[in-house]
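# task: produce atomic coordinates for the following.
(chains A and B)
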Amino acid sequence: AQSVTQLGSHVSVSEGALVLLRCNYSSSVPPYLFWYVQYPNQGLQLLLKYTSAATLVKGINGFEAEFKKSETSFHLTKPSAHMRDAAEYFCAVSVGGGSNYKLTFGKGTLLTVNP
Amino acid sequence: GAVVSQHPSRVICKSGTSVKIECRSLDFQATTMFWYRQFPKKSLMLMATSNEGSKATYEQGVEKDKFLINHASLTLSTLTVTSAHPEDSSFYICSARAIWAGTSVDYGYTFGSGTRLTVV
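Next up, the predicted model:
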């Protein structure tokens, strides 16, 4: 079975500072990894995904993540935080590439951005 | 891109009544739809997986008689909360993975905008 651990339920940064949201996964097979963002009372929006291609994945809104197999990590970063980045972020893992493979989510990290 | 349309976005119902939530895949065929429940300030909990034309697979601890799932077509899946009670109040979200078979383009998992259910 696969699982995801997000370190830190709440991360607070200043506007313009580096954003680092941590995610470690556990999977018995090569995983597919995802980062999603959720704004209040909305669904989830895909930021980026890793599907066994390039290990450094660039996503929307200036976010990127690097897949490190040796560390079983898939941390999300952004060089400079904006106020609009304040939201809940979820890391998720799937063990298959088909449409019937379910996602397993981490518990989420709330990002606050201070002016 | 791939879009999943979820309705209603918000519903308030009386205890004991039933509520139906619809999710439609607008520009792709969703052979599998996932239904999640999210409690305040919590992560998403997978409730069930529905496959077009067959019975849904429920996760452990989810009452299949209370949460009825129907996936009658490749573009529509519904979740009906039967005999709703206040403890069923939650945020429900559907999701499907959009993969175009001809091009193998994988848009990943697309989520509906969610339904806020309040049972009074």
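
# which parts of the chain are strands?
Just going to use chain A. Per DSSP state E, chain A carries strands over the ranges A:3-7, A:10-14, A:19-26, A:32-38, A:44-50, A:56-58, A:64-68, A:73-78, A:87-94, A:104-105, A:109-114.

# that's the other chain; I wanted chain B
B:4-7, B:10-13, B:19-25, B:32-38, B:44-51, B:57-58, B:67-73, B:76-81, B:90-100, B:105-111, B:115-119.

# with mean neighbour count added, can I get the strands of chain A in JSON lines?
For glycine as for every other residue, the C-beta is placed from the backbone atoms N, C-alpha and C. Output for these, formatted as JSON lines (neighbours: other Cβ atoms under 10 Å in any protein chain shown):
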{"stretch": "strand A:3-7", "mean neighbour count": "17"}
{"stretch": "strand A:10-14", "mean neighbour count": "14"}
{"stretch": "strand A:19-26", "mean neighbour count": "18"}
{"stretch": "strand A:32-38", "mean neighbour count": "24"}
{"stretch": "strand A:44-50", "mean neighbour count": "21"}
{"stretch": "strand A:56-58", "mean neighbour count": "14"}
{"stretch": "strand A:64-68", "mean neighbour count": "18"}
{"stretch": "strand A:73-78", "mean neighbour count": "21"}
{"stretch": "strand A:87-94", "mean neighbour count": "24"}
{"stretch": "strand A:104-105", "mean neighbour count": "22"}
{"stretch": "strand A:109-114", "mean neighbour count": "17"}
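
# using CSV, lay out those strands together with distance to chain B.
Listed next are the strands of chain A as CSV, based on distance: least, Cβ to the nearest Cβ, whole Å:
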stretch, distance to chain B
strand A:3-7, 9
strand A:10-14, 10
strand A:19-26, 13
strand A:32-38, 6
strand A:44-50, 4
strand A:56-58, 11
strand A:64-68, 13
strand A:73-78, 14
strand A:87-94, 7
strand A:104-105, 5
strand A:109-114, 8
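
# and those: which comes nearest residue B:112?
Counting by Cβ to Cβ, residue B:112 lies closest to strand A:44-50 out of the strands of chain A; the figure is 9.2 Å.

# helices or strands next to that closest one in the packing?
If you count contacts as 3 or more Cβ pairs under 8 Å, 6 or more residues apart in numbering or on different chains; DSSP states H and E, strand A:44-50 packs onto strand A:32-38, strand A:56-58, strand A:64-68, strand A:73-78, strand B:105-111.

# rank the strands of chain B by pLDDT, which is bottom?
The minimum mean pLDDT among the strands of chain B belongs to strand B:105-111 (a mean of 75).

# before we move on, the earlier item: could I get the strands of chain A as CSV with mean pLDDT?
Shown next, in CSV, are those (pLDDT from 0 to 100):
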stretch, mean pLDDT
strand A:3-7, 93
strand A:10-14, 97
strand A:19-26, 96
strand A:32-38, 93
strand A:44-50, 91
strand A:56-58, 94
strand A:64-68, 96
strand A:73-78, 98
strand A:87-94, 94
strand A:104-105, 90
strand A:109-114, 96
